[in-house]
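K.L.:
only geometry, no sequence info:
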């Protein structure tokens with residue numbers, strides 16, 4: 001950069017921090033914007049409808065009102081996983097029959113493979129495919145198939161100023177015996193021959209693709225499936241691929257699998273709007289290592305972890321600073337109240353709570369006053385009813401404090417008094 005700037009040139013970093021990042025470290029653009037500022041482009045020229053352009057900007061920011069555009073224009077379709085795929089394919093098929101450049105998107109490679117195979121079978125209509133070549137995704141392709149290139153290669157020129165790029169889609173024209181593939185670009189009509197090694201590593205069927213793969217794609221219309229597990233960045237990328245129309249198909253019910261009947265999403269069904277709002281609220285934008293380090297040093301974040309460690313230390317102290325056999329006697333008292341109570345998995349946690357909450361009172365009386373014999377969940381009764389510390393001999397109404405919490409400037413340590421009861425021992 002210094003070399004270029006020193007010779008009168010300029011360097012511009014261009015990108016969208018709300019689209020999907022490449023695998024690996026990310027978040028650099030966001031850090032540069034936070035530190036030095038950035039110029040944002042606000043006028044969109046991809047979409048034929050200015051209202052859709054405005055809706056995508058709201059979608060990018062995660063604002064739920066963006067969904068109103070798609071709902072009002074019936075761009076949101078509901079169903080189960082099977083009918084959603086059927087709807088995507090039927091809409092794609094109808095638009096291709098009207099000579100529109102349509103693309104199908106799905107969140108997983110498994111769904112993409114199903115859609116690609118279905119589209120390929122529809123094109124062949126039962127006819128023999130003839131010579132075929134195996135692509136990088138494992139699918140075979142023949143003359144007439146739609147493919148997508150997945151890697152920029154400036155050596156594969158299609159004009160003096162253009163070359164084969166990631167996200168370009170092509171129609172297969174010829175399959176020479178050398179294993180190369182002659183293709184025609186679906187938008188500009190230019191023809192190029194892709195060498196066999198490029199085909200084997202960087203070419204896939206292009207009827208349907210994943211959202212990540214489609215990030216560089218522009219089509220006339222898009223039809224995509226969502227399951228409810230996607231992030232805002234995935235939904236934003238999906239709904240900005242088509243110039244004229246972008247449709248989303250939401251699987252709001254299960255697939256009939258009896259093993260999935262009791263899953264929360266199948267017991268309490270969500271409507272499509274709720275699922276899309278939850279997707280918008282799920283921010284998965286990349287963060288740089290520097291940003292993560294700063295967040296981990298945030299006092300508020302560190303205080304939460306320190307509080308959890310302090311509380312755990314109190315529980316451990318309540319059990320281990322025991323010189324009078326209080327823990328053993330508490331176990332015996334619990335067993336006398338209900339046989340087998342101390343063998344339940346959660347007893348050790350409840351015992352810690354009883355010892356700490358007693359704060360100098362007799363923990364045996366706290367156990368003896370609880371009616372656990374008639375309960376279905378004995379441990380739940382023990383943990384839900386805290387010991388009555390109103391007659392406690394504790395010298396303080398609050399739990400023991402750490403040295404940093406004391407306001408008198410002394411160095412304090414927790415000690416067990418012979419009672420047993422918790423007291424403070426301070427040295428000014």
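P.N.:
That came through fine. Nothing here was measured: the structure is a model prediction, and the numbers come from that model.

K.L.:
contacts, neighbours, all on C-alpha from now
P.N.:
OK.

K.L.:
can you pull up the bridge partners for residue 223?
P.N.:
On the basis of DSSP bridges, residue 223 is bridged to residue 104, residue 247.

K.L.:
shouldn't it be in contact with residue 107?
P.N.:
No - at 12.0 Å, residue 223 does not count as touching residue 107 under the criterion of Cα atoms under 8 Å.

K.L.:
Can you mark which positions in stretch 62-70 are buried?
P.N.:
Under the neighbour-count criterion of 16 or more other Cα atoms under 10 Å, stretch 62-70 has 62, 64, 66, 67, 69, 70 buried.

K.L.:
and that stretch, how far apart are its ends?
P.N.:
Terminal residues of stretch 62-70 are spaced 14 Å apart (Cα to Cα, to the nearest Å).

K.L.:
Name the single longest helix found in the protein.
P.N.:
If you go by DSSP state H, the chain has its longest helix at helix 299-320.

K.L.:
Pull out the buried positions in that one.
P.N.:
314, 315, 317, 318, 319.

K.L.:
Now tabulate the buried residues of stretch 62-70 in CSV and tack on secondary structure.
P.N.:
Shown next, in CSV, are the buried residues of stretch 62-70 (DSSP: H, G, I helix; E, B strand; the rest coil):
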residue, secondary structure
62, coil
64, helix
66, helix
67, helix
69, helix
70, helix
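
K.L.:
Export these to a markdown table and append columns for distance to residue 182 and pLDDT.
P.N.:
Shown next, in a markdown table, are those (distance: Cα to Cα, whole Å; pLDDT from 0 to 100):
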| residue | distance to residue 182 | pLDDT |
| --- | --- | --- |
| 62 | 42 | 93 |
| 64 | 45 | 94 |
| 66 | 42 | 93 |
| 67 | 42 | 95 |
| 69 | 41 | 95 |
| 70 | 39 | 96 |
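
K.L.:
after the longest helix of the chain comes which helix or strand?
P.N.:
Downstream of helix 299-320, the first helix or strand assigned by DSSP states H and E is helix 326-337.

K.L.:
re the thing from before, any idea which of the buried residues of helix 299-320 is the one closest to residue 269?
P.N.:
residue 315 (40.6 Å; Cα to Cα).

K.L.:
hmm, back to that, report the mean per-residue pLDDT for the longest helix of the chain.
P.N.:
Across helix 299-320, pLDDT averages out at 83.

K.L.:
same thing with stretch 83-91?
P.N.:
pLDDT averaged over stretch 83-91 equals 94, rounded to a whole number.

K.L.:
Any buried residues in that stretch, and which?
P.N.:
Result for stretch 83-91 [16+ other Cα under 10 Å]: buried residues 84, 85, 87, 88, 89, 91.

K.L.:
What lies in contact with it?
P.N.:
77, 78, 104, 115, 119, 223, 224, 225, 249, 250, 251 (Cα atoms under 8 Å, 6 or more residues apart in numbering).

K.L.:
More neighbours: residue 223 and residue 107, which one.
P.N.:
The residue with more neighbours, out of residue 223 and residue 107, is residue 223; 27 against 20, by other Cα atoms under 10 Å.

K.L.:
I'd assumed residue 20 was in a strand, is it?
P.N.:
No - counting by three-state DSSP, residue 20 falls outside a strand, being coil.

K.L.:
Okay, now the unreliable bits of the stretch 301-428 of the chain?
P.N.:
321-324, 358-428 (pLDDT under 70).

K.L.:
wait, is residue 182 part of a helix?
P.N.:
No - according to three-state DSSP, residue 182 belongs to no helix; its state is strand.

K.L.:
want to try JSON lines for the contacts of stretch 83-91, with secondary structure and distance to residue 231 as columns?
P.N.:
Formatted as JSON lines, those follow (DSSP: H, G, I helix; E, B strand; the rest coil; distance: Cα to Cα, whole Å):
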{"residue": "77", "secondary structure": "strand", "distance to residue 231": "19"}
{"residue": "78", "secondary structure": "strand", "distance to residue 231": "19"}
{"residue": "104", "secondary structure": "strand", "distance to residue 231": "18"}
{"residue": "115", "secondary structure": "helix", "distance to residue 231": "22"}
{"residue": "119", "secondary structure": "helix", "distance to residue 231": "27"}
{"residue": "223", "secondary structure": "strand", "distance to residue 231": "17"}
{"residue": "224", "secondary structure": "strand", "distance to residue 231": "14"}
{"residue": "225", "secondary structure": "strand", "distance to residue 231": "13"}
{"residue": "249", "secondary structure": "strand", "distance to residue 231": "15"}
{"residue": "250", "secondary structure": "strand", "distance to residue 231": "14"}
{"residue": "251", "secondary structure": "strand", "distance to residue 231": "15"}
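
K.L.:
Narrow the residues you listed to just the buried residues.
P.N.:
Burial by neighbour count, judged by 16+ other Cα under 10 Å, picks out 77, 78, 104, 115, 119, 223, 224, 225, 249, 250, 251 from the contacts of stretch 83-91.

K.L.:
can you give me the strands in the stretch 1-150 of the chain?
P.N.:
76-79, 102-106, 133-134, 140-141, 146-149 (DSSP state E, counting those that start in this stretch).

K.L.:
Mean neighbour count, these: which tops it?
P.N.:
Most buried of those, by mean neighbour count (mean count of other Cα atoms under 10 Å): strand 102-106, with a mean of 26.

K.L.:
Compute the mean per-residue pLDDT across that strand, please.
P.N.:
95.

K.L.:
Show residues contacting that strand.
P.N.:
So strand 102-106 is contacted by 88-89, 92, 95-96, 112, 115, 206-211, 214, 219-226, 238, 242 (Cα under 8 Å, 6+ apart).

K.L.:
Tell me if I'm right that residue 224 and residue 249 touch.
P.N.:
Yes - the criterion here is Cα under 8 Å, and residue 224 meets it with residue 249 at 6.0 Å.

K.L.:
on that earlier part again, just curious, which of the buried residues of stretch 83-91 is nearest to residue 342?
P.N.:
Nearest member of those to residue 342, counting by Cα to Cα, is residue 84, at 52.2 Å.

K.L.:
could I get the buried residues of stretch 83-91 as TSV with distance to residue 281?
P.N.:
Converted to TSV, the buried residues of stretch 83-91 look like this (distance: Cα to Cα, whole Å):
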residue	distance to residue 281
84	23
85	25
87	26
88	25
89	28
91	28
